[in-house]
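# generate coordinates for the sequence data below:
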Amino acid sequence: MSFTLRALTPADAPAAAALHAAAFPDPWSAAVFASWFADPAAVTLARFEGGDLVTFVLLNAVLGEADILTLATHPARRNEGLARDLLAALIETLTTRGVHRLTLDVAEDNLPARRLYARLGFTLDGRRKGYYAAGRAQPVDALLMSCSLAL
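Residues are numbered from 1 along each chain as shown. From the prediction side, this is the model:
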């Protein structure tokens with residue numbers, strides 16, 4: 001199937017919110033996404049197939065560092081390498097923009113995401129106790145991770 005990789009715009013906010021709701025127990029609203037997509041410090045990359053948004057990443061980039069705010073892949077499309085490919089393309093884009101460090105936090109119980117980030121060179125920097133609580137019977141720690149990007 002053919003696909004398109006491109007940045008998201010405020011017009012994509014409803015699709016991003018719908019995908020985020022399918023992927024996470026504590027989804028962000030279309031208004032939140034529209035605000036981020038209009039922010040000059042925000043960097044986005046998304047994969048569309050046949051006009052449908054299947055995966056996207058949103059991050060905040062400032063002064064040579066970037067923080068992944070969210071990465072969502074449609075649940076029916078997980079384990080196909082879509083997020084890995086998207087992040088690889090994103091890292092290539094970030095290095096051309098002079099970003100040298102990429103950070104994120106991930107729920108401790110999100111083992112597939114943790115494995116993905118480790119394969120991409122992210123290492124554990126710390127944790128936030130009980131950070132993820134929405135949609136869970138018990139709060140889960142956030143693991144703080146980062147990687148250095150080759151410039």
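
# would you map the helices across the protein?
All helices of the chain, identified by DSSP state H, fall at 13-23, 30-38, 82-96, 111-119.

# so which of the ones you listed comes closest to residue 141?
With CB to CB as the measure, helix 111-119 is the member of these nearest residue 141 (11.7 Å). C-beta here means a position set from N, CA and C on the backbone, and glycine is covered the same way.

# so which elements touch that closest one?
Here helix 111-119 touches helix 82-96, strand 101-107, strand 140-148, going by 3 or more CB pairs under 8 Å, 6 or more residues apart in numbering; DSSP states H and E.

# of all the helices of the chain, which lies closest to residue 4?
Here helix 82-96 is closest among the helices of the chain (CB to CB), at 11.9 Å.

# which parts of that closest one are buried?
82, 83, 86, 87, 90, 91, 94 (16 or more other CB atoms under 10 Å).

# which neighbouring elements make contact with that helix?
Partner elements for helix 82-96 (3+ CB pairs under 8 Å, 6+ apart): strand 42-49, strand 52-62, strand 65-73, helix 111-119.

# can you rerun that using 7 Å?
strand 42-49, strand 52-62, strand 65-73 (3 or more CB pairs under 7 Å, 6 or more residues apart in numbering; DSSP states H and E).

# can I get those in JSON lines including mean neighbour count and mean pLDDT?
What follows is these, written out as JSON lines (neighbours: other CB atoms under 10 Å; pLDDT from 0 to 100):
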{"stretch": "strand 42-49", "mean neighbour count": "19", "mean pLDDT": "95"}
{"stretch": "strand 52-62", "mean neighbour count": "20", "mean pLDDT": "95"}
{"stretch": "strand 65-73", "mean neighbour count": "20", "mean pLDDT": "96"}
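
# dump those to TSV, plus distance to residue 132.
Output for the helices and strands packed on helix 82-96, formatted as TSV (distance: least, CB to CB, whole Å):
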stretch	distance to residue 132
strand 42-49	22
strand 52-62	17
strand 65-73	12
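
# out of those strands, nearest to residue 142?
strand 65-73 (12.3 Å).
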